[in-house]
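Student: Build me a model:
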Amino acid sequence: MDKLDKKILKELQLDSRNSFTKIAQRIGVSTATVSDRVKKLTEKGIICGYTVVLNTSELGMVTLITKIKTKPGYNSIEEVGEAVAEMAKSCCVHQVTGDCDLIVISKCAGYEECGIIIEKMKEIEGVESMDAELVLKTMKEELKVEL
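Tutor: Predicted structure coming up:
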């Protein structure tokens, strides 16, 4: 990935609805160049998709953060992570270092749904223990990264 790829990615992060022509104009290259680069970045798995970013708090949703510890000797933290990732309310699943093995971010319709999600996670084979926390206020939540 070179400087031009980074410029294209920055523009897409600002507004992925912009046309390749508009992006090309902003960074001083041809539309075909932007199109080719985006295609290659997608094929490499760097661009995974395009979406709308919702303010889930305004929708009345609750953010649940769950720390999961897997059973000692259980052969696959990844299997537990994949099972959690398949749950519809799971937005992010991270394998981490420290006192737990996985950190999961879920978006729930309310507190009752958070309880249901926690119980479903407890039922996953390989889960030894969990620590769940509810977010009271979100100060920053975005998917943009500095390139």
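Student: Check whether Thr33 really touches Ile23, as I assumed.
Tutor: No - between Thr33 and Ile23 there is no contact under Cβ atoms under 8 Å: 9.8 Å. For every residue, glycine as well, the C-beta is placed using N, CA and C.
Student: neighbour count winner among those two?
Tutor: Ile23 (24 against 16; other Cβ atoms under 10 Å).
Student: how near is Asp36 to Phe20?
Tutor: 10 Å (Cβ to Cβ, to the nearest Å).
Student: what's the answer for Glu123, then?
Tutor: 46 Å.
Student: okay, the two: which has more neighbours?
Tutor: A direct count of neighbours by other Cβ under 10 Å for Glu123 and Phe20 places Phe20 higher, at 20 against 8.
Student: quick one: pLDDT of that one?
Tutor: You'll see Phe20 listed with a pLDDT of 97.
Student: measure the spatially closest residue to it that is not a sequence neighbour to Ala83 for me?
Tutor: Of all residues not flanking Phe20 in the chain, Val34 sits nearest, at 4.3 Å (Cβ to Cβ, 6 or more residues apart in numbering). Separation of Val34 from Ala83 (Cβ to Cβ): 39 Å.
Student: Touching, Glu142 and Val53? I think so.
Tutor: Yes - Glu142 is within contact range of Val53, at 7.1 Å (criterion: Cβ under 8 Å).
Student: And the two? Which one has more around it.
Tutor: Applying other Cβ under 10 Å to Glu142 and Val53 shows that Val53 carries more neighbours, namely 10 against 7.
Student: Tell me the pLDDT of Gly81.
Tutor: The model's pLDDT for Gly81 equals 96.
Student: State whether it is indeed within a helix.
Tutor: Yes - Gly81 forms part of a helix when assessed by DSSP: H, G, I helix; E, B strand; the rest coil.
Student: ok, it - how many residues close by?
Tutor: Gly81: 22 neighbours (other Cβ under 10 Å).
Student: List the contacts of it.
Tutor: 93, 95, 102 (Cβ atoms under 8 Å, 6 or more residues apart in numbering).
Student: Cool, thanks, signing off.
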